[in-house]
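Asks: compute the structure for the input listed below.
(2 chains)
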Amino acid sequence: MSGKTILYVEDNEYNLKMVRQLLAHTSYRLIEATDGEMGVATALGETPDLILMDIQLPKLSGLDATRRLRADPKTADVPIVVITSFALSGDDQKAKDAGASAYLSKPYSPRELLQMIRNLVPEN
Amino acid sequence: MPHQEVTEPDGTLALASTPGWEERIARFLLTRTHVGSLVRWVASIKASVHAKLFSGYMLVTLLFLAMGGMSLQTIAKMSAQSQLLDQVHERVHWSQEIQHALALQMNFTAMALLLRDEATIANILRENNRFNNTLARLEEFARPEERELIQRIRAAQELALTTVADIANLVRDGRVDAAMTLQLNKEYPLYLQIEGLVDQVVKREQQKMDSLRGSVAATNRRSLIIMAGFVASSIALAALLGFVISWSFILPVQEAHGFVTQVAKGNFEATINVPNRDEFGALADRMNQMSRELRTLYAKQQEAARELQSLNERLQQASKAKSDFLANMSHELRTPMNAILGFVEMVLDGIYGEVPPDLKEPLTDIQTNGKHLLRLINDVLDLSKIEAGRMELALAEYSVQDVVDTVRASLQSLALEKGLGFTAAAQDDIPVAFGDGKRITQCLVNLVGNALKFSKRGNVAVWVEQQGDNLLYRVSDTGIGIPQNELENIFGEFQQVDTAITREFSGTGLGLNITKKFVEMHGGRIWVESELGKGSTFFFLIPLRVNHGGAI
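Replies: Numbering: from 1, shown residues only, chains lettered A, B, ... in the order given. Below is the predicted model:
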C-alpha cells in the first residue's frame, strides 16, 4: 500500500526530525524541504497530498511560497497548513490571504498536528 | 499654515472688498494728481497727528476770520456811502425847496400887482427869506464850483429883491402901470435867470446822487463777489485739507492692513513702508520690528521642525527595527520551544515506546517548566509589542460563554492540583460580544492564574455579567490579599507586592500589566478590591461591543 505524501517545509532540523518521528508510526510518507524555494520546487515536482509550511523560511517566505503554489495548477488544490508564530497579530489573516487551508501556531502539540493532518487527508 | 481667509488683489490696499465711488475718486486723486505727493509730504512732516489735525482746523478757521474782517469792512463802507447818499438826498430836497420858494416869490409878486395888498407883499418877503435860508444851508456843504454858482444865484436874488421892493413901493404909490412894467421887464427875466441857475444846482445834486447810487451798487456787487470767493475757497481749502490730512493717516493704516494680512498668511518677509514721521510712522517701525522678530522665530521654528522631522524619521526607523526584531525573535524562540515541548509530549504519549514509571515525573516536570517558560516568553513578547505600539486587537464577534469555558478548561487541572475550589460562569443571556476574544481570554487566564497562584486554600470564582452596554468580569479569590498601599501599583510593570512573595510564588509580574493594557485597548478599565489575608477581587469593565481599533 502506498500512503499519502506530506511535504514539510521547515529549516529547523529538530522540528523536521520530530515530525518525521511522529509520522514514522503512521502510513503517511514525509518528504522534506529546508527553504522556501526548495519547498516550491519539491511541491511542484512531487505533488504531495498535504503541505506543512513554516511561515519564516530562508530564501523565500512561507507566505510567498504558498502564493506561488496556489498560482500553479499542479498544486492549486493541495491543502497547505501554514505554521505561524503569532509575532504580530494578523498572521492568521495573512496566511488565509496567501491561500492557506489552515494554520497552526508554534509551538504546536504533535498530537494536535497529527489530528489536523488526519482531518485534512485521512489515512488509507 | 498660510490660510486663505483674506483674499485681496494686491494685499496692500482696499479696506472694502469692492471700492465704491468715493474710494475710486480718492484713488484717482492720489495717483493721477499732485494731491498724492501733497499727502506724502504731509505724512512726512515730523509732527504729531494731533498737531497736524489742529493746524488743519486752524487754517480753515483763519480763513473764516479773514472773511469776517472783510465783511465788517464792507459793512462800514456801505454805511458811510448810505450816509453820504442821505446828505445828497437832502441837498436835492433843499434845491427843490429853493425852486419852490422862487416860484412862490414870483407868484406873490404877481398877486401884489393885482391885489395891491400889504399881506401879499409880506408873503413875498417871507418866501424870499426861505429862499435865502435854504440857499445858505446848501452853500454850507457845497463844493467850490457849486459855491460859485450859488454866489451868482444870491447876487441875482438880491437884485430881484431890490426890484420887488421897487415894485412894492410903486404899488403903494398907486403907480400900478410902472410897477407892472418893472415886473415884466426886470423882475421876471431876473427870476428866469435865477430859475435857470437853481435848475443847474438841482441837476448837479441829482447827478451826484446818481453817481453815488451807482458806486453803492458797485460796492454791493464787489462785496458779494468777495464773499462768494471766500466761501468757495473756504470749502475748497477745508475739503483739500480734510482729504490730505485724512489720507496721510489712511494710507499708512491701509499699508498696515496689507502688512498684517501678509503676516497673518504666514509671509514674515513682508515689511511696511510709510513716509509718515508721526505716530503712524512709529507704529510702522514697531510693526517692522515685530516682523523681523517673527521671521527669526519662524526660522528657528522651521529649524526645530526639521530637527523633529529627522528625529521622527529616525524614531520610526528604530521602531520598525524593533518591530522586525520582535517578529524574528518571537519565531526564533518558539522554534526550539516547539521541539522541546513536542518531543516531551511524544515521549509521554509513548510514541517511542512505554515510558519507564520513574521517568514520568521528571518528564512531566520538563513539560510543566517548558510551558511556563513559553508563557514567560509570550508575556515578554506581548509587552514588547505593546511598548512598540505594534499590538493590535483582532476585533471579531465572540461568545462570553466560550471565553469562560476556555478559562475553565485550561485552569481546572491546576486548581484541582492545588486542592482549590474553582468555578467559572457567566450570566446566561449575554448577547454576542464584539472585541478580541483571544486577548480577553488571555486577561482572564492571567487573573485566574494569579488567583490560583496566591491562594493556598479556599476557592477561586470567575463571574461575568452584563451591565448596560458593558461587560463586568470578576475574578475573586481567598488568597493572601494585597496591602492597601500597594493597590495602585499592582498594575505597573514588573510589580509584585514584595520580593519575598516573588521568590515564593514566582512569576514575571508582567501578567497584570499586560491585562491592564488589553483592557484599556478595549476602552475599558480594571481595578481591584482586597483585604489583606482574606483575599482579592479583580474587576474589569469593557464595552460589550468595541467600536474602535484601539492601539495604545
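Asks: and residue B:43, how far from residue B:244?
Replies: Going from residue B:43 to residue B:244 by Cβ to Cβ, to the nearest Å gives 9 Å. (Glycine included, C-beta is placed from N, CA and C.)
Asks: which residues are in contact with residue A:11?
Replies: Residue A:11 makes contact with A:34-35, A:54, A:57-58 under the criterion Cβ atoms under 8 Å, 6 or more residues apart in numbering or on different chains.
Asks: for residue A:15, same thing?
Replies: Residues in contact with residue A:15, defined by Cβ under 8 Å, 6+ apart, are A:54, B:335, B:338-339, B:342.
Asks: from those residues, which land in strands?
Replies: residue A:54 (DSSP state E).
Asks: quick check: the farthest pair among the contacts of residue A:15?
Replies: A:54 and B:342 (13.5 Å; Cβ to Cβ).
Asks: tell me which of the two has more neighbours.
Replies: Using other Cβ atoms under 10 Å in any protein chain shown as the criterion, residue A:54 and residue B:342 rank with residue A:54 on top: 28 against 25.
Asks: surely that one meets residue A:7?
Replies: No. Counting by Cβ atoms under 8 Å, residue A:54 stays clear of residue A:7, with 11.5 Å between them.
Asks: among the contacts of residue A:11, name the buried ones.
Replies: Applying 16 or more other Cβ atoms under 10 Å in any protein chain shown to these, the neighbour count classes A:34-35, A:54, A:57 as buried.
Asks: shaky segments in the stretch 451-552 of chain B?
Replies: By pLDDT under 70, the low-scoring segments of the stretch 451-552 of chain B are B:493-509, B:548-552.
Asks: helices along that one, start to end?
Replies: In the stretch 451-552 of chain B, helices defined by DSSP state H, counting those that start in this stretch lie at B:499-505, B:511-521, listed in chain order.
Asks: do any residues in the longest one lie close to chain A?
Replies: What that stands for is helix B:511-521. No. Shown here: helix B:511-521 not in contact with chain A (Cβ under 8 Å from any Cβ of the partner chain), separated by at least 11.2 Å.
Asks: what about residue B:145, how many neighbours?
Replies: 8.
Asks: how about residue B:380: what's its closest non-neighbour residue?
Replies: Among residues not flanking residue B:380 along the chain, residue B:510 sits closest, at 6.8 Å (Cβ to Cβ, 6 or more residues apart in numbering or on different chains).
Asks: how far away is residue A:68 from chain B?
Replies: Per Cβ to the nearest Cβ, to the nearest Å, residue A:68 is found 21 Å from chain B.
Asks: helix, strand or coil for residue A:26?
Replies: With DSSP: H, G, I helix; E, B strand; the rest coil as the basis, residue A:26 sits in coil.
Asks: these two touch, right, it and residue A:113?
Replies: No. Using Cβ under 8 Å, residue A:26 makes no contact with residue A:113, being 11.4 Å away.
Asks: the more surrounded of these two?
Replies: Neighbours were counted for residue A:26 and for residue A:113 using other Cβ under 10 Å; residue A:113 has more, 19 against 15.
Asks: in the sheet, who's paired with the residue nearest the centre of chain A?
Replies: In chain A, the centroid-proximal residue (Cα atoms, centre = their mean) is residue A:52; its distance is 0.9 Å. Beta-bridge pairing for residue A:52 (DSSP bridges): residue A:8, residue A:81.
Asks: average pLDDT across stretch A:28-41?
Replies: What stretch A:28-41 shows for mean pLDDT is 92.
Asks: report the distance from that stretch to the chain centre.
Replies: Remark: stretch A:28-41 is offset 8 Å from the chain centroid, using Cα atoms, centre = their mean, to the nearest Å.
Asks: repeat for stretch A:25-32
Replies: On the basis of Cα atoms, centre = their mean, stretch A:25-32 sits 13 Å off its chain's mean C-alpha point.
Asks: cool, stretch B:313-332 as well?
Replies: Counting by Cα atoms, centre = their mean, stretch B:313-332 comes out at 54 Å from the chain centroid.
Asks: next one: stretch B:290-302
Replies: Taking mean C-alpha positions (Cα atoms, centre = their mean), stretch B:290-302 and its chain are 24 Å apart.
Asks: and what of stretch B:67-76?
Replies: Worked out by Cα atoms, centre = their mean, stretch B:67-76 lies 49 Å from the chain centre.
Asks: picking up where we left off before, of the contacts of residue A:15, which is the nearest to residue B:78?
Replies: Closest to residue B:78, out of all of those and judged by Cβ to Cβ, is residue A:54, at 126.3 Å.
Asks: how far away is the closest one from chain B?
Replies: Distance from residue A:54 to chain B, counting by Cβ to the nearest Cβ: 8 Å.
Asks: who in chain B is up against chain A?
Replies: So far as Cβ under 8 Å from any Cβ goes, chain B lies against chain A at B:323, B:326-328, B:330-331, B:334-339, B:341-343, B:345-346, B:349, B:351-352, B:374, B:381, B:385, B:390-394.
Asks: now, which of those lie within helices?
Replies: Among those, the subset assigned to helices under DSSP state H consists of B:323, B:326-328, B:330-331, B:334-339, B:341-343, B:345-346, B:374, B:381, B:385.
Asks: of these, select the buried ones using a PyMOL command.
Replies: Paste this into PyMOL to select the buried members of those, with burial taken from 16+ other Cβ under 10 Å:
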select buried, chain B and resi 323+326+327+330+331+334+335+337+338+339+341+342+343+345+346+374+381+385
